[in-house]
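Student: kindly generate the corresponding structure for this input.
(chains A, B, C and D)
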Number of protein chains: 2
Amino acid sequence: MARKPPTKPRKNALQERSRVTVDALVEATARILVREGFEKTSTNRIAEIAGVSVGSLYQYFPSKEALVAAVIERHNEEIMGIVRTTLTEVTDMPIEKAVRRLVTVAIDAHRINPELHRVLAEQIPRAGKLDVEAFNREVHAHVRAYFNSHRKEMRKIDLDVATLICVSTIEAVAHNTVLNQAEMLSDKMVRTLVDETTRMVVGFLRPPA
Amino acid sequence: MARKPPTKPRKNALQERSRVTVDALVEATARILVREGFEKTSTNRIAEIAGVSVGSLYQYFPSKEALVAAVIERHNEEIMGIVRTTLTEVTDMPIEKAVRRLVTVAIDAHRINPELHRVLAEQIPRAGKLDVEAFNREVHAHVRAYFNSHRKEMRKIDLDVATLICVSTIEAVAHNTVLNQAEMLSDKMVRTLVDETTRMVVGFLRPPA
DNA sequence: CTATAATGCGAGCATTCACTCGCTTTTCAT
DNA sequence: ATGAAAAGCGAGTGAATGCTCGCATTATAG
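Tutor: Sure thing, here's the model as predicted:
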């Protein structure tokens, strides 16, 4: 049953209860990151909260960073799932509807777990940099493709510049709305923000009247 | 000569060479943050690079955070200086010119010390949070005031929403341009970005043609 | 039932790091 | 010149933390 030397199972080998252990560890890491901050997130504490020993932790994760990376990946997948779905739904919609939908989704995505998102946003530059860059590239590629296939509705403009500006804008508005304005977010306020952001982006892309 | 009990001079008392020491410490902190990252920034290392002993460090800075905060403050002051000046210059300009100027300045400000800016952007949420919030509030207040006094050039729109969206947008474009697109920044590219961003923001604020 | 592998354990090691304390050197008013 | 205060020094301390290693427990196969 062992196709490898007995020592060094380290990190793979998920058959049954180990799955549970791994999940508990990732979940515990996320919880501690949110509730106690990055500084307090020690491997011993993670193991404690996960109800697992440090030794077991190190059987599946070669380092503390690996754990944080796993949390990042999980969170990113969650968001990317939504974004991907939306971008597909939107393919055949006219610009106005598509942009409105994307702005809404961006805000929703940021609202999934704002605290975790904030902590990760702080820590990502250190760990998981690659994941996030891949994430960004995927979003840019999708949006660029959408713009390309809807060129006729748009004025003449460099697609890369348009993509950079639009993605930056939507991301920033969502980010600032959810993270800075805390919960001063009445539904009405959110609707206004969506309306206005959509108006700005669409007005930017459309040919001048 | 001592207006305080002999012990606990800690942090004030700058008469002559101590100024040099303090400056050297702040400068060293900034350099290490940029060149070796936050993790490697230990008080011992800071003292070493500053050419000063750890003991002296703790005479002027009660903690490591105090040093990082000093760096943040210095950097923020540098940027706020530029932004404040620009916002005054711009007071009587029409929207189009004012926005173009602000976009340009935002990018310039991000280019002052991009590496330091990046590291601080990562670490700021932990330390110096207050400084940065004050910074943001000041910018928002200035922009809002400008919008208010130029209402006639604008369509009817909630000033707070307009301010949030515009500031977020300009900041994000500047940030992504300088930090993500690295030095793929030809002057021409920058000019295009400034043009297009200006166009978007102005189109957003102006009454529909 | 027994042997073997997979999983789990947690005390402890090694290291790093913020910070202290007792002392020396420099400055300067008198 | 002198003495006291200001400035500077840096080995040392104590706590935190990432990670290892030898052993214990559980699951599975024959």
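Student: pLDDT score assigned to the residue nearest the centre of chain A?
Tutor: Nearest residue to the geometric centre of chain A (Cα atoms, centre = their mean): residue A:76, 3.6 Å. Turning to residue A:76, the model gives it a pLDDT of 91.
Student: any idea which element it lies in?
Tutor: helix A:64-89 (DSSP states H and E).
Student: buried residues in that helix, which are they?
Tutor: Residues A:64, A:67-73, A:75-76, A:79-80, A:83, A:86-87 are the ones in helix A:64-89 that count as buried (16 or more other Cβ atoms under 10 Å in any protein chain shown). For glycine as for every other residue, the C-beta is placed from the backbone atoms N, C-alpha and C.
Student: the next helix or strand after that helix and chain B in contact?
Tutor: The first helix or strand that comes after helix A:64-89 along the chain, using DSSP H and E, is helix A:95-111. No. Using Cβ under 8 Å from any Cβ of the partner chain, helix A:95-111 stays clear of chain B, coming no nearer than 10.9 Å.
Student: ok so, going back, now do the helix holding residue A:76 against helix A:95-111, angle only.
Tutor: Here helix A:64-89 points in a direction 160 degrees away from that of helix A:95-111 (axes from the mean of the first three to the mean of the last three Cα atoms, to 10 degrees).
Student: same for helix A:64-89, what does it pack against?
Tutor: helix A:17-36, helix A:43-50, helix A:95-111, helix A:114-123, helix A:129-149 (3 or more Cβ pairs under 8 Å, 6 or more residues apart in numbering or on different chains; DSSP states H and E).
Student: do you know which of the ones you listed lies nearest residue B:122?
Tutor: When these are ranked by distance to residue B:122, counting by Cβ to Cβ, first place goes to helix A:114-123 at 6.3 Å.
Student: once you drop chain neighbours, what's closest to residue A:143?
Tutor: residue A:163 (5.2 Å; Cβ to Cβ, 6 or more residues apart in numbering or on different chains).
Student: what is the orientation angle of the host helix or strand of the one you found with helix B:159-175?
Tutor: Residue A:163 is located in helix A:159-175, with elements delineated by DSSP H and E. With the same axes, to 10 degrees as the basis, helix A:159-175 and helix B:159-175 are set at 130 degrees to each other.
Student: ok, and what's touching helix A:159-175?
Tutor: Here helix A:159-175 makes contact (Cβ atoms under 8 Å, 6 or more residues apart in numbering or on different chains) with A:99, A:102-103, A:106-107, A:109-110, A:121, A:139-140, A:143-144, A:147-148, A:154, A:193, A:197, A:200-201, A:204-205, B:164-165, B:168-169, B:171-173, B:175-177, B:181, B:192-193, B:196-197, B:200.
Student: now do stretch A:180-197
Tutor: With Cβ under 8 Å, 6+ apart, stretch A:180-197 has contacts from A:100, A:103-104, A:107, A:169-170, A:173, A:177-178, B:136, B:157-158, B:161-162, B:164-165, B:204.
Student: swap in 6 Å and give it another go.
Tutor: By Cβ atoms under 6 Å, 6 or more residues apart in numbering or on different chains, the list of residues contacting stretch A:180-197 from outside reads A:103, A:104, A:173, A:177, B:161, B:165.
Student: so how do I select the buried members of those in PyMOL?
Tutor: In PyMOL syntax, the buried subset of these is picked out as below (16+ other Cβ under 10 Å):
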select buried, (chain A and resi 103+104+173+177) or (chain B and resi 165)
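Student: looking at chain A, which helix or strand is least sure?
Tutor: helix A:114-123 (a mean of 86; mean pLDDT, DSSP states H and E).
Student: by contact count, what packs against it?
Tutor: Where contact means 3 or more Cβ pairs under 6 Å, 6 or more residues apart in numbering or on different chains; DSSP states H and E, helix A:114-123 is packed against helix A:17-36.
Student: rerun at 7 Å
Tutor: In terms of contact count using 3 or more Cβ pairs under 7 Å, 6 or more residues apart in numbering or on different chains; DSSP states H and E, helix A:114-123 is assigned the packing partners helix A:17-36, helix A:64-89.
Student: turn those into CSV, including distance to DNA strand C.
Tutor: Shown next, in CSV, are these (distance: least, Cβ to the nearest atom of the strand, whole Å):
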stretch, distance to DNA strand C
helix A:17-36, 4
helix A:64-89, 13
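Student: out of the ones you listed, which comes closest to DNA strand D?
Tutor: Proximity to DNA strand D (Cβ to the nearest atom of the strand) singles out helix A:64-89 among those, at 4.0 Å.
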